[in-house]
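> output the structure for:
(chains A, B and C)
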Amino acid sequence: MSDEEKGKHIVERKYVDDSRIIEPEKLEIGGIDVSGHWGTLVLPRTIEDFDNSMLKKVKSMPRGKNIEKCWQCGNCTAICPVAHAHPEFNPRYLIHIVKMGYSAEVEKLKDTVYFCSGCGLCSSVCPKGVDPQGVMIAMSIAFKSKKGYR
Amino acid sequence: MLHKLNEDGWHYGGLPGLQWEAENARKAEGGIARQVVEELYNDVRFEEFYHACINCGNCTSKCPPFRLVDFEPRIVVQKVMHAKDEPELLYQMMDQYIWACFQCYSCWEVCPAHNNPGGLVAILKEIAVRHGLNSAKKALEPYSKILYKVMTTGTQITPDMHITIALFKDWGPHKAELAKNIRAERAGVPVETMAGVMDKSWKVDEGTMKELMFIEKEAGVFDSVEKTLKDVTDMVRDTAKEAGVE
Amino acid sequence: MSSLPVLVIGAGPAGLRAATDLAELNIPVVLVERRKELGGAPIRWKYHSLAPDFTPTEEVLGPMIKFCKNSSNIEVIEEAVVEGYGGSAGDFSVKIRKINGEVQDRKVAAIIVATGFEHFDATVDPRYSYGKAPNVIGINELEVMISEGKVVGHDGKIPKRVAFIFCVGSRDRSTNPWCCTVCCGVSIKQAIELKQLLNDVQIYMIYMDIRTIGLWEKLYWDSMEKYGINYIRGRVGEVFYTGEKLLVKGEDTLVRGPFEVLFDMVVLAVGIEPGEGTKQVASALKLKVNEFGFLAPKIPNIHFDSGKEGIFLAGTCVAPMSVEESIAEGSAAAMQAAKLVSRTKIIV
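Numbering: from 1, shown residues only, chains lettered A, B, ... in the order given. Sure thing, here's the model as predicted:
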């Protein structure tokens, strides 16, 4: 079943991630086909754990060691020329999800880290000396060296 | 930064849900968007339901739809808060977003500022119905039979309470088909959610019906839902006439 | 020198400082304390150290307590409350009732009110399961544990993951709408102490806003940079005991994502509210109370002026504040009382 067809019965379909819809192709009860409508299940999108393994990896790299100083002010994203053109790339958000260990979110957005042009504007404005540009480099290496979290 | 949102689509934080929201918002008609905001701000309940939002997220943490879909009471209040400057964003939200809320008011209970996001959504839904917005039509279409029943008797029915399945067409495209095997299909649904649905029916006294429809007529319920639910309102008006109300 | 003493009600940081200053000016003092020991909140709840520099409580309050106990100018009346007053500035007559029922009438020149605060009782707000679920504790209880050098759960196990929940009973119309001003700093201070005590503990701070005002900001920075304490922006909707661990439900508002994460221990940053003592003294001395239940100064910016001549206010009975501010306010009130005493002396 392709992603567009999945969960077409859901009223707020646009607001549900494809990956969270479970729809069995065939579901039978008492010899009657009840697949589709009744069998559709939307998984909760709740974060249930903080997985620190990626943070450790980023922290161990020379330019990623300052990631822990970040207090989420958003100065880096505000000045980032790439983020203006490609809002899916957001240094503040990437730092936050890696710091907190939201593994599913990292998995979803990890490719956006390569949008970083390395201009270094973020590092020049960061009030806490996080060096977001360096953290982006560290992240891009960390994401590459390890496929997924587990 | 805020004015950029309207002109060339400044995105909050680049989060997936909000990008297309901002894009859609720019397509909205300015006139009706401002009118919606005007009506919302002038609603009698508005002062009680809205104070100010400090973005703490307590409402969202208690919200049942939030567990499943991308609906957040916090975002609703935030957009209401900024509606004066960005009416398009609020209007855009009425398209689909607010219909995920089912007014359980958990958010109201926990809000430290005593805002009522669920109540604000209720007002917005009413505005959508009054104006006959497409979103309201689309959201309420599958329920027109229920709405008819509720408006005439104050109660509702389930498909197996009727003798023929033909009546269920306006429950939505799949309902007539579903009604055929409804008992078997319900066997697939957790039992407790269906408790009392399959074995009970309601009989409503004629006098009660008459009184109800009279109240609805006098309170302007018929007029307010007419734009969205033309067919239903016509049917209810006919019933009311037969009962001697109109 | 006027022979009439100054009455100081409450022997916390503000009261002790006021009594000490007056005694050092050779003015006799009657120090009335409701409880059996001197020192007020920091001693009562066994504060281990004080923010922002981890100064041991003993170092700050010890000398004042010692002075008040030993000074010949100070008469300490423990386990007693002031029940009523009459007269005017320079010549008050007050009724002091001890817990054992003994009543004494005293003549005093001035009154300094420093009745302090109580920690918010978290059982009032059911969402945190305080008092129902084990291992949900207040910062006051954690402070005692840190003082004893042993932080363990109800089953004696050392917690691996600890969540601090900020603004419990603060900034909430359902409970107390004011900001308690110090809980952010105190919680962060405790988190750092906890990290030093239990090396491999993971600490998460769930906050609405971090309000480490002034020089306390250093605590906030250090906690992140030196101790790796994590901050999640959001407010908790529910704490639920699974039978083994505590499930904390909330939203990370920076991610727009819901979280339901298990913790071994949940620490509630309970706020400051005017205590029983403040209520009692307000009715006994007929003082004005503001909308929040704190004693209302005549002008909100001038804390010591109660609006009644000869009665001065100091410390957390006026507004939430830190220990250092309370001590300063005690001194300020003592100065006003000393002025009054020297004036009456001239008239006499």
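
> going forward, measure contacts between C-alpha atoms and count neighbours the same way
Noted.

> what residues does chain A put near chain B?
A:11-12, A:15-16, A:29-30, A:32, A:34, A:38, A:42-46, A:77, A:83-84, A:86-90, A:93 (CA under 8 Å from any CA of the partner chain).

> for chain C, what's the nearest residue on chain A?
In chain A, the residue that lies nearest chain C is residue A:47 (4.4 Å; CA to the nearest CA).

> so that residue is in contact with residue C:255, correct?
No: here residue A:47 lies out of contact with residue C:255, judged by CA atoms under 8 Å, at a distance of 10.7 Å.

> the two: who's more crowded?
residue A:47 (21 against 18; other CA atoms under 10 Å in any protein chain shown).

> partners of the least confident helix or strand in chain A by mean pLDDT in the sheet?
Least confident helix or strand of chain A, by mean pLDDT, DSSP states H and E, is strand A:32-33 with a mean of 71. As defined by DSSP bridges, the strand partners of strand A:32-33 come to strand A:28-29 (antiparallel).

> close to chain C, is the helix or strand just after the least confident helix or strand of chain A?
Per DSSP states H and E, the first helix or strand lying C-terminal to strand A:32-33 is strand A:41-42. No: Strand A:41-42 is not in contact with chain C by CA under 8 Å from any CA; minimum separation 15.2 Å.

> and strand A:41-42, what does it pack against?
On a contact count with 3 or more CA pairs under 8 Å, 6 or more residues apart in numbering or on different chains; DSSP states H and E, strand A:41-42 meets strand A:21-22.

> same thing but 10 Å
strand A:21-22, helix B:64-68 (3 or more CA pairs under 10 Å, 6 or more residues apart in numbering or on different chains; DSSP states H and E).

> winner for burial among the ones you listed?
The highest mean neighbour count among the helices and strands packed on strand A:41-42, using mean count of other CA atoms under 10 Å in any protein chain shown, belongs to helix B:64-68: a mean of 20.

> how far off centre is it?
Centroid separation for helix B:64-68 versus its chain: 16 Å, with CA atoms, centre = their mean, to the nearest Å.

> same for the helix or strand following it, what does it pack against?
Remark: after helix B:64-68, the chain's next helix or strand is helix B:73-81, criterion DSSP H and E. Applying 3+ CA pairs under 10 Å, 6+ apart, we find helix B:73-81 packed against helix B:30-42, helix B:58-62, helix B:87-93, helix B:106-110, helix B:117-131.

> can I get those helices in a markdown table with mean neighbour count, distance to residue C:218 and mean pLDDT?
Output for the helices and strands packed on helix B:73-81, formatted as a markdown table (neighbours: other CA atoms under 10 Å in any protein chain shown; distance: least, CA to CA, whole Å; pLDDT from 0 to 100):
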| stretch | mean neighbour count | distance to residue C:218 | mean pLDDT |
| --- | --- | --- | --- |
| helix B:30-42 | 16 | 43 | 88 |
| helix B:58-62 | 30 | 28 | 90 |
| helix B:87-93 | 24 | 39 | 82 |
| helix B:106-110 | 21 | 32 | 87 |
| helix B:117-131 | 21 | 37 | 92 |
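
> for chain C, find the nearest of the ones you listed.
Proximity to chain C (CA to the nearest CA) singles out helix B:58-62 among the helices and strands packed on helix B:73-81, at 4.3 Å.

> other SSEs contacting the closest one?
helix B:64-68, helix B:73-81, helix B:106-110, helix B:117-131, strand C:236-241, strand C:246-252, strand C:257-263.

> repeat that with 8 Å
Short answer (3+ CA pairs under 8 Å, 6+ apart): helix B:58-62 packs on helix B:73-81, helix B:106-110, strand C:236-241, strand C:246-252.

> residue C:80 is nearest to which of the helices and strands packed on helix B:73-81?
helix B:106-110 (40.2 Å; CA to CA).

> other residues contacting the closest one?
B:58-60, B:62-63, B:73, B:114-118, C:237 (CA atoms under 8 Å, 6 or more residues apart in numbering or on different chains).

> what is the burial count for the residue of chain C found nearest chain A?
Scanning chain C for the residue nearest chain A gives residue C:259, at 4.4 Å (criterion: CA to the nearest CA). Neighbour count for residue C:259, taken as other CA under 10 Å: 22.

> pretty sure it contacts residue A:44?
No: contact criterion CA under 8 Å: residue C:259 and residue A:44 do not qualify, at 10.5 Å.

> domains of chain B?
B:2-131, B:141-243 (automatic domain parsing).

> cool, and chain A?
When chain A is parsed with automatic domain parsing, its domains come out as A:1-44, A:53-145.

> ok, which of the ones you listed comes nearest residue C:72?
Closest among the domains of chain A, using CA to CA: domain A:53-145, at 52.9 Å.

> pLDDT averaged over the closest one - what is it?
Domain A:53-145 shows a mean pLDDT of 89 in the predicted model.

> with stretch B:147-155 instead?
Here the average pLDDT along stretch B:147-155 is 78.

> what of stretch C:145-161?
Per-residue scores along stretch C:145-161 average to 92.

> got it, and stretch C:71-88?
For stretch C:71-88, mean pLDDT rounds to 93.

> end to end, how far does it reach?
Its start and end residues considered, stretch C:71-88 measures 27 Å (CA to CA, to the nearest Å).

> for the residue nearest in space to the middle of chain A, give me its contacts.
Centroid check for chain A by CA atoms, centre = their mean gives residue A:105 as the closest residue, at 2.8 Å. By CA under 8 Å, 6+ apart, the contact set of residue A:105 is residue A:97.

> ranges for the helices of the chain?
Defaulting to chain A. For chain A, the helices defined by DSSP state H cover A:53-60, A:75-79, A:81-85, A:91-100, A:103-109, A:121-125, A:132-145.

> wait, I meant chain C there
C:13-24, C:41-44, C:57-70, C:139-148, C:183-197, C:217-225, C:276-284, C:323-347.

> what parts of chain B come near chain C?
Residues of chain B found near chain C (CA under 8 Å from any CA) are B:55-62, B:66-67, B:110-114.

> which of these sits closest to chain A?
residue B:67 (5.1 Å).

> circling back to that earlier point, to residue B:93, which of the domains of chain A lies closest?
domain A:1-44 (11.7 Å).

> distance from that closest one to the middle of the chain?
24 Å.

> around chain C, which positions in chain A sit nearby?
Counting by CA under 8 Å from any CA, the residues of chain A that sit close to chain C are A:45-50, A:68-71, A:93, A:97, A:99-100.

> which of these lies closest to residue C:120?
The nearest member of the residues of chain A next to chain C to residue C:120, counting by CA to CA, is residue A:71 at 28.4 Å.

> all good on my end, thank you.
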